[in-house]
Each structure stands twice: as C-alpha cells, then as structure tokens.
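Undergrad: Predicted model and sequence follow; I will ask about them next.
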Amino acid sequence: MFSNWANDMDVCRFMRWTPHKDKEESRDILNGWLEAYSRESFYQWAITLKTSKEPVGAIALAVINEYDLCGDIGYCIGKKHWGRGIVTEALKAVLNFAFTSVGFNRIEAYHSINNPASGKVMQKAGMTFEGMAKQKYRSITGFEDSNMYSIIKEDFDRMK
C-alpha cells in the first residue's frame, strides 16, 4: 500500500487524505479497515494484480442512504498502473457486488473536473454522467468541482 500508491502525491492529489509519511501510517490505516470489517456496511478492498496478487490500489463502497438503497464508490490506484483498465475492472466487480450481493438500487461516484481520467473509468463501467456539482468535496488541495456519475440496478442488469 505505502510503496504502490499511498505515499504518492500524484495519486493523492484529488483524494481527501494526504500521502502517507511512512509504512507505519499505512499499517495503521489497514488496521482500522480490519476493525471496521465488523460493520456490515463497511466495504473496502485492495485492487490487486491478477498475476502477482500485488496490491496496487484501493476501492470502497459506502452507504449514502440506507432507506433509498443508495451507495457511493471511490477508488485510487498507483500511478504506474494508470490507463491499463485495472480500475474499470475493479469498479465493475464492485458494482456487481453492490447490486447482487448487498441489494443497492443506485450507486453514485464523482471525480474532480481536473481528473477526467476518473470519469472515463466510470463511463467504461457503465455509469452515466448526471452533472457537475460545485465544490462537492474537499481534497488535500482545496474544494473540488466534481462531475457526478451514477448507475441504477435496472440499467446494470440490462448491461449484463
């Protein structure tokens, strides 16, 4: 985690967390994830390479609104793996999990307008652009205007 993505400012630029200072910080984050797995609504995975099983990124699914069965997905991957379709494949797998195993009806994701590659990942996974939200979230560099994408279960099922 530390070496492959969490210590890299280029990876963290649009994230809510700063680059990890050392392996101990990454270890603490991982331990927090392990503790959080006891909650049914916590979904966080490593993105690994098929060949070596090496972790190269992370992807998470969060509950936005339990009553409306709506969730949010976020992800990041190490710079040397950008543009290889790895995150798109991971996103498709998490969407499948969200709709078929958890029972979500709608999944949303957003990205900084300054990071259009992330939007391409969402599009390739079958998500639809819904619009731009001004200052949607605060990254480590400031508030980010963001493009919002979504997909509903009905559309996901049609894609299958």
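TA: Everything's here; your move.

Undergrad: for the longest helix seen in the chain, which positions count as buried?
TA: When the chain is scanned for its longest helix (criterion: DSSP state H), the result is helix 23-36. Residues of helix 23-36 classed as buried: 25-26, 29-30 (neighbour count, 16 or more other CB atoms under 10 Å). C-beta coordinates here come from the backbone N, C-alpha and C atoms, glycine included.

Undergrad: residues in contact with it?
TA: Residues lying outside helix 23-36 but in contact with it, judged by CB atoms under 8 Å, 6 or more residues apart in numbering, are 1-2, 6-7, 20, 42, 44.

Undergrad: redo that, cut-off 7 Å
TA: With contact meaning CB atoms under 7 Å, 6 or more residues apart in numbering, helix 23-36 is reached by 1-2, 6, 20, 42, 44.

Undergrad: how far away is the residue lying closest to R13 once chain neighbours are set aside from E66?
TA: With CB to CB, 6 or more residues apart in numbering as the measure, T141 is the residue that lies nearest to R13, at 6.2 Å, once sequence neighbours are left out. Counting by CB to CB, to the nearest Å, the gap from T141 to E66 is 32 Å.

Undergrad: Tally up the residues packed near T128, please.
TA: The local packing of T128 (other CB atoms under 10 Å) involves 12 other residues.

Undergrad: how much space between it and F97?
TA: 19 Å.

Undergrad: Next: R138.
TA: For R138, the distance to F97 - CB to CB - is 28 Å.

Undergrad: Looking at the two, which is more packed in?
TA: For R138 and F97, the more surrounded residue by other CB under 10 Å is F97, and the numbers stand at 14 against 10.

Undergrad: Confirm that that one sits in a helix.
TA: Yes. For F97, which was evaluated using DSSP: H, G, I helix; E, B strand; the rest coil, the result is membership in a helix.
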